[in-house]
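Colleague: Here is the input, now give the coordinates:
(chains A, B, C and D)
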2 protein chains.
Amino acid sequence: MTYESALAALSDPMRRTILERVAATPRSVGEIAQDLPISRPAVSQHLKVLKEAELVREERVGTRRIYHADSAALGELRAYVDHMWRTALGAFSDAVAEENQKK
Amino acid sequence: MTYESALAALSDPMRRTILERVAATPRSVGEIAQDLPISRPAVSQHLKVLKEAELVREERVGTRRIYHADSAALGELRAYVDHMWRTALGAFSDAVAEENQKK
DNA sequence: CAGATTCGTAAGTCATGGCTTACGTTAGCC
DNA sequence: GGCTAACGTAAGCCATGACTTACGAATCTG
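Modeller: All right, here's what the predicted structure looks like:
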């Protein structure tokens, strides 16, 4: 169940913008921190969470580390949300049917 | 951007199980609390968050309140995750293409 | 109307989490 | 071998959030 850690990781707005930018184009930690109002260590900590949730993977090149978006965890999260969405829809149509039954 | 509050709401495991059960079959607050290891007021507080995120809606009947899953916010969340998933996939295929370009 | 149900809210406690600065580590460069 | 650049990690601070118990409000019931 990796969608759980993905969900927890994506609940933080700063982490979402980091993932969104990294998903658009892979960047180094310094490049990410440059555009954000937080310190570079803070970015490192966020990247650690994203990495543990398998939303991101790192590629070491020299002393720098380029972070890429990882689609695997996003795929699982997508499946979970999609499933929840469908059951919610189903429960709704069931309720409507039950409502019509009464009339 | 209601997917943000939905994401924050779903980051809590207890809130996820509440939503999952309510999505399966609508229940009252007491019925929900009965199956969970937390107090009834705690369930009320979770339902408040879920309600503000529009993941759930309440139907008052007598002194009881039946909670249903609301598919609207889940739909938006679904769209967001789907979008992120696709861009992550695209960035990956771009990286592969770029890699092949070098060879 | 009085009591009982069902629930939301207030207040307080305790753990978690996001941020900072300080420091240690690793890899390129002269 | 030093110096610098680019990181990760440790420690500490402070706000947030997930609980609890206590209480009040609304509705049904006899």
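
Colleague: which residues in chain A form helices?
Modeller: For chain A, helices defined by DSSP state H occupy the ranges A:3-10, A:13-24, A:29-34, A:40-52, A:71-102.

Colleague: Can you give me the distance of A:Glu4 to DNA strand C?
Modeller: Note on A:Glu4: its distance to DNA strand C, by Cβ to the nearest atom of the strand, to the nearest Å, is 12 Å. Backbone N, C-alpha and C define where each C-beta goes, glycine included.

Colleague: tell me the contacts of that residue?
Modeller: Contact partners of A:Glu4, counting by Cβ atoms under 8 Å, 6 or more residues apart in numbering or on different chains, are B:Pro13.

Colleague: Which one of the helices of chain A lies nearest to B:Leu19?
Modeller: With Cβ to Cβ as the measure, helix A:71-102 is the member of these nearest B:Leu19 (7.2 Å).

Colleague: Spatially nearest residue to whichever residue of chain A sits closest to chain B (excluding sequence neighbours)?
Modeller: Using Cβ to the nearest Cβ, the single residue of chain A nearest to chain B is A:Ser11, 3.4 Å away. Nearest non-adjacent residue to A:Ser11, counting by Cβ to Cβ, 6 or more residues apart in numbering or on different chains: B:Ser11, 3.4 Å away.

Colleague: Quick check: residues of chain A near DNA strand D?
Modeller: Residues of chain A lying close to DNA strand D (Cβ under 7 Å from any atom of the strand) are A:28-31, A:40-41, A:43-45, A:47-48, A:58, A:63-65.

Colleague: what's around A:Leu7, how many residues?
Modeller: Neighbour count for A:Leu7, taken as other Cβ atoms under 10 Å in any protein chain shown: 23.

Colleague: Pretty sure A:Arg78 sits against B:Val81.
Modeller: Yes. The pair A:Arg78 / B:Val81 is scored as a contact, 4.9 Å apart, by Cβ atoms under 8 Å.

Colleague: what about these two, which has more around it?
Modeller: Neighbour totals were compared for A:Arg78 and B:Val81, and B:Val81 leads with 24 against 21 (other Cβ under 10 Å).

Colleague: shouldn't that one be in contact with A:Glu76?
Modeller: No. Here B:Val81 does not reach A:Glu76: they are 10.1 Å apart, not a contact under Cβ under 8 Å.

Colleague: B:Leu7: which of the helices of chain A is closest?
Modeller: helix A:3-10 (5.6 Å).

Colleague: Now do the buried residues in stretch A:57-73.
Modeller: A:58, A:66-71, A:73 (16 or more other Cβ atoms under 10 Å in any protein chain shown).
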